[in-house]
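Q: The following block contains a protein sequence and its predicted model.
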Amino acid sequence: KHISMFDKLANILKIKKEKMTILVIGLNGGGKSTIINHFKSLNEQTTITVPTVGFTIEQFQNQGVHFTIIDTSGARRHRNLWEHHFKNCQGIVYVIDSSDKMRMIVIRDEINLFLNHPHLENRKIPILLFANKQNSEDAMSSSKIATVLGLNEINNNPWYISSSEAISGVGLEEGIQWLAEQIRLSVQSSKHSK
């Protein structure tokens, strides 16, 4: 199943010579590592997920798609270490712990920050948000999260929020199909505009 989801992504994108970079970001504890394991080929998957402390960047490649995973941890002092990754990305995946109501305001600030970043503000980079940990009893629904984060105010970037449960994989494929389609459209339109 892990490979078929990735095959679908690679096939939709029809990647030839261009390097495709997808940035996976979010606060610590949201489920990024678990979600990322679904995109790795079987020999790359890590079975133990270690919570990230401070600041880490993980990178791996699968069928021509380059993934950069950044644990933002809400730490502003680390931001300049990873902001340059915005310049070359074709898509952003933001992973949210749906039960972490206390940090929704931090997430909102981060999203606003990167939407207004010089490397992103004039590019229509698609943003996929995973409202993760939906099986948690105090999880907020994806529509409630969209309201709290003010996603409806995002006009320049296509965005989509997908309810997910990273451990079982529920909701991941739907989100990735949306992202792949958006990236394919933006790559096509940039080719036509050249």
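A: It's in. Keep in mind that this is a model prediction, so the values were computed, not measured.
Q: per-residue pLDDT, the spatially most central residue of the chain?
A: Residue closest to the mean C-alpha point of the chain, counted by C-alpha atoms, centre = their mean, is residue 93 at 0.9 Å. With respect to pLDDT, residue 93 scores 92.
Q: Now do the helix or strand where it lies: everything it contacts.
A: Assigned by DSSP states H and E, residue 93 belongs to strand 91-97. Identification of contacts with strand 91-97 by C-beta atoms under 8 Å, 6 or more residues apart in numbering yields 22-27, 29-32, 35, 103, 107, 111, 114, 125-133, 145, 166, 175, 179, 182-183. (Each C-beta comes from the backbone N, C-alpha and C, glycine too.)
Q: Where does pLDDT dip in this structure?
A: By pLDDT under 70, the low-scoring segments of the chain are 1-19, 41-56, 61-64, 71-82, 190-194.
Q: Show me where it has its helices.
A: Using DSSP state H, the helices of the chain run over 2-13, 32-37, 79-82, 104-115, 142-149, 172-193.
Q: Which residues does the residue nearest to the centre of the chain form beta bridges with?
A: residue 24, residue 128 (DSSP bridges).
Q: Check the gap between it and residue 172 for me.
A: 10 Å (C-beta to C-beta, to the nearest Å).
Q: do residue 182 as well
A: The value you get for residue 182 to residue 172, if C-beta to C-beta is used, is 16 Å.
Q: ok, back up a step: and for residue 93 and residue 172, which residues touch both?
A: Residues touching both residue 93 and residue 172 (C-beta under 8 Å, 6+ apart): 35, 130.
Q: follow-up on the earlier one: so how far is residue 138 from the residue nearest to the centre of the chain?
A: Going from residue 93 to residue 138 by C-beta to C-beta gives 23 Å.
Q: And for residue 21?
A: As judged by C-beta to C-beta, residue 21 and residue 138 stand 34 Å apart.
Q: Comparing those two, which residue is more hemmed in?
A: residue 21 (18 against 9; other C-beta atoms under 10 Å).
Q: ok, that one - contacts?
A: Counting by C-beta under 8 Å, 6+ apart, residue 21 has contacts 65-68, 85, 88-90.
Q: which of those residues sit farthest apart?
A: Maximum pairwise distance among the contacts of residue 21 (C-beta to C-beta): 14.7 Å, between 65 and 85.
Q: the more surrounded of these two?
A: Neighbours per residue (other C-beta under 10 Å) separate residue 65 from residue 85, with residue 65 holding more: 21 against 17.
Q: doesn't residue 24 make contact with that one?
A: No. Using C-beta atoms under 8 Å, residue 65 is not in contact with residue 24, being 11.5 Å away.
Q: Please report phi then psi for residue 100.
A: With angles defined as degrees, to the nearest 10, residue 100 sits at phi -90, psi 70.
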